[in-house]
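In: Next input, structure requested:
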Amino acid sequence: MAATITTSDRTTKQCGPIERAEFIGSHGESNLDLDKLQRQFNEIYPGISVQSRSIQKQEDREKTTELTIETLLKLAQEYQTTYINDSHDKTIEDQNANDRLTREGENFPISTANEGNRERHQYSKQIPSVNIQDQLEQLVKVSQTELENSNCSDENYPITEETLRNMQEDFSSMPSCSEKSIIFLLYYLSLKLISESIGSDCTIEVPDQIETKIDKEFEHLKERLKIENEESREMCHCIQELAVNIKHENWRNSLILLRKIFKNISPLNKHELFRLIKKVNNTARAIKNKDIIFFLGLTGSGKSTTIHFLAGSKMIETKVKGLNHIAPLIKIINLEDINGSSKESVILCDSPGFEDTSGPEIDIANGLGIINVIKECASVKPVVVISYKSIGDRLQ
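Out: As a prediction, the model looks like this:
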């Protein structure tokens, strides 16, 4: 008899959570109570079902042992081969191997050597050399393009001195939890990416031996995730991928992965939401009791470009992600500091685009901001901006 156990941890020497347990015995064996084995196994690993597999019992005990070992080798080879073939998927679907093994039936095909060569054949069978760590690293390389195109990329979350100070304020005010560990790691990784451009801002703390800090905080994050029962299949995959990126000092992809993990744990960033609400309230107070023209429309319809054109900004042709665009030559002027001879004025007010995908925090803050602007100003003239590409054949 023999047993095989499949776990999900392939990147470290520690055993990950068990995904499959299997008992292999000979036909006609009656000295083992499978129900009792299941109960004893569940005392240690609750919720895992022990599956049984039989091989043909042989009169020769040596031959029975040989068949059992060969069956284990074939199972290991089948599992590893299936894992490699699935390495280009978005997540590591180990269950595919289990389903495939189950469909093959109870009688696993076994090939044996001739009687005269039995001993030599028994020890010549070896598992093919497969480095699971290398395969996971290849998977990480394949998924790098996916990370770069995700909503958690640098374009949506630029690293500035302001964002670094915000992260400092956030983790300083939080108790020990997985969110705090992630913000710590985001802070350290951001420092690694822009350490040379921080300048002389003394409010930003740059710790010594930052790589050691990253490793220590990453271990703390894994402990917190276990305590908080945040060990879903997707989360385990992200943590494994993050470990490989940190090991190879791929700070940019590590940062994107951490943002993805943070979104899963905390879909709504409360600290960022309160900061955005404060900003939109300041904007609403700036136009209190003023007459405004309020531009509304979908994201990308051209509201900001239209306002720049009406305000007299110089327009230039430019390329954004390889596509031709017309954009203003931006020159910031504080119009409140300009004294005019006429008391009559009009304020062109931009608004957040509809169907924006920047995150729930911005959606909530923008909704509150629009309401506060309409409440505070003296009068509102709405102007709906529609891109000609979105009009449709029947102007719908």
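
In: Backbone dihedrals for C349, both of them.
Out: phi -110, psi 120 (degrees, to the nearest 10).

In: Next, give phi and psi for K319.
Out: According to degrees, to the nearest 10, K319 has phi -120, psi 130.

In: What is the burial count for the nearest residue to it once chain neighbours are set aside?
Out: Nearest residue to K319, sequence neighbours excluded (C-beta to C-beta, 6 or more residues apart in numbering): H325, at 6.8 Å. (Each C-beta comes from the backbone N, C-alpha and C, glycine too.) Counted by other C-beta atoms under 10 Å, the residues lying close to H325 total 12.

In: likewise K180?
Out: Around K180 there are 19 residues (other C-beta under 10 Å).

In: contacting residues for it?
Out: By C-beta atoms under 8 Å, 6 or more residues apart in numbering, the residues touching K180 are F171, M174.

In: Spell out the secondary structure type for it.
Out: What DSSP: H, G, I helix; E, B strand; the rest coil gives for K180 is helix.

In: ok, it to Q51 distance?
Out: 41 Å (C-beta to C-beta, to the nearest Å).

In: repeat for D208
Out: 52 Å.

In: Those two: which has the busier surroundings?
Out: Neighbour count, other C-beta under 10 Å: between D208 and Q51, Q51 has more, with 15 against 6.

In: sec struct for the nearest residue to that one once chain neighbours are set aside, please.
Out: Among residues not flanking Q51 along the chain, E22 sits closest, at 5.0 Å (C-beta to C-beta, 6+ apart). Look at E22: counting by three-state DSSP, its state is strand.

In: Does E22 touch L72 like I think?
Out: No. If you go by C-beta atoms under 8 Å, E22 and L72 don't touch, sitting 9.5 Å apart.

In: Can you pull out the low-pLDDT segments for this structure?
Out: For the chain, residues meeting the criterion pLDDT under 70 lie at 1-20, 25-32, 47, 55-59, 61, 77-157, 195-202, 330-344, 355-357, 392-396.

In: Would you mind giving the domain segments of it?
Out: Taking automatic domain parsing as the domain assignment, the ranges for the chain are 2-130, 143-267, 271-390.

In: how about the helix or strand where Q240 lies: buried residues?
Out: If you go by DSSP states H and E, Q240 is part of helix 233-247. Neighbour-count burial for helix 233-247 flags M235, C236, H237, C238, I239, Q240, E241, L242, A243, V244, N245, I246 (criterion: 16 or more other C-beta atoms under 10 Å).
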